[in-house]
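Colleague: next input, structure requested:
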Amino acid sequence: MANYKKNENGKLEPLNPEEALEYLEKKKREQEGDIPAPSQAEPEDRAAKEAKLLGSTKEAIQLRKAEINGEIKLLQSRLNGEINTIKASETAKERAGKHLAVFGALYLCTCTIAFLFSMSVLDTDSIAVAATLVTLVVTQLSSILKTVVDTKEPKDPVELMSDVAHKAMGNDKISEEK
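Modeller: Below you'll find the model as predicted:
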């Protein structure tokens with residue numbers, strides 16, 4: 001197996017026998033303590049270098065992972081705060097509208113299924129009463145749902161004063177944004 005050295009271009013080239021002998025004698029004297037070790041640290045064996053590199057890389061990866069997880073948690077909490085703020089600022093009409101959009105059909109279907117079930121259980125004299133009651137409940141539920149959805153929200157007092165001022169000045173256009 002040939003020994004190599006780096007030339008001035010940084011490429012490896014084989015050592016000639018004289019250079020190899022000189023190198024071996026120098027190493028022997030360093031081990032005996034005759035010559036102080038060179039100021040530059042001798043390269044460690046490959047396994048030690050890999051262990052050192054893997055240890056520091058593993059620590060660096062863990063540190064970066066912890067930083068990223070912290071950033072993710074911070075962003076999640078910030079976004080949850082914004083979502084909670086939006087939910088808190090919703091009006092009752094908006095909340096009821098969303099709820100009815102999801103569950104309104106379920107309520108009406110439940111009433112209809114209850115009516116159909118009662119028809120199979122009740123005798124023929126009671127079916128008319130049950131039909132009347134279920135119809136009444138479905139009608140009332142529908143009107144409540146319609147009232148919640150169609151109710152206009154009250155205006156802000158500042159907007160009301162602005163409208164009054166515009167009317168008093170003769171400006172017939174009144175803002176009806178909300």
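
Colleague: three-state assignment of the residue nearest in space to the middle of the chain?
Modeller: Nearest to the geometric centre of the chain sits residue 76, at 5.2 Å (Cα atoms, centre = their mean). Three-state assignment for residue 76 (DSSP: H, G, I helix; E, B strand; the rest coil): helix.

Colleague: any idea how far it lies from residue 65?
Modeller: For residue 76, the distance to residue 65 equals 16 Å [Cβ to Cβ, to the nearest Å]. Glycine gets a C-beta too; all of them are placed from N, C-alpha and C.

Colleague: tell me the first helix or strand C-terminal of the helix or strand of the chain with the lowest mean pLDDT.
Modeller: The least trusted helix or strand in the chain, going by mean pLDDT, DSSP states H and E, turns out to be strand 4-6, with a mean of 70. Next along the chain after strand 4-6, taking DSSP states H and E as the criterion, comes strand 12-14.

Colleague: strand partners (parallel or antiparallel) of that next one?
Modeller: Partners of strand 12-14 in the sheet, by DSSP bridges, are strand 4-6 (antiparallel).

Colleague: could you list the domains of the protein?
Modeller: 44-89, 92-168 (automatic domain parsing).

Colleague: so for the longest one, mean pLDDT?
Modeller: Mean pLDDT, computed over domain 92-168, is 78.

Colleague: for it, how far is the first residue from the last?
Modeller: One end of domain 92-168 to the other measures 33 Å (Cα to Cα, to the nearest Å).

Colleague: run the chain-centre distance for it.
Modeller: Taking the mean of its C-alpha atoms, domain 92-168 sits 36 Å from the chain's own mean (Cα atoms, centre = their mean, to the nearest Å).

Colleague: cool, the first one as well?
Modeller: The gap between the average C-alpha position of domain 44-89 and the chain average comes to 15 Å, counting by Cα atoms, centre = their mean.

Colleague: give the contact list for residue 120.
Modeller: By Cβ atoms under 8 Å, 6 or more residues apart in numbering, residue 120 lies in contact with nothing.

Colleague: roughly how far does it sit from residue 133?
Modeller: As defined by Cβ to Cβ, residue 120 lies at a distance of 16 Å from residue 133.

Colleague: nothing else from me, thank you.
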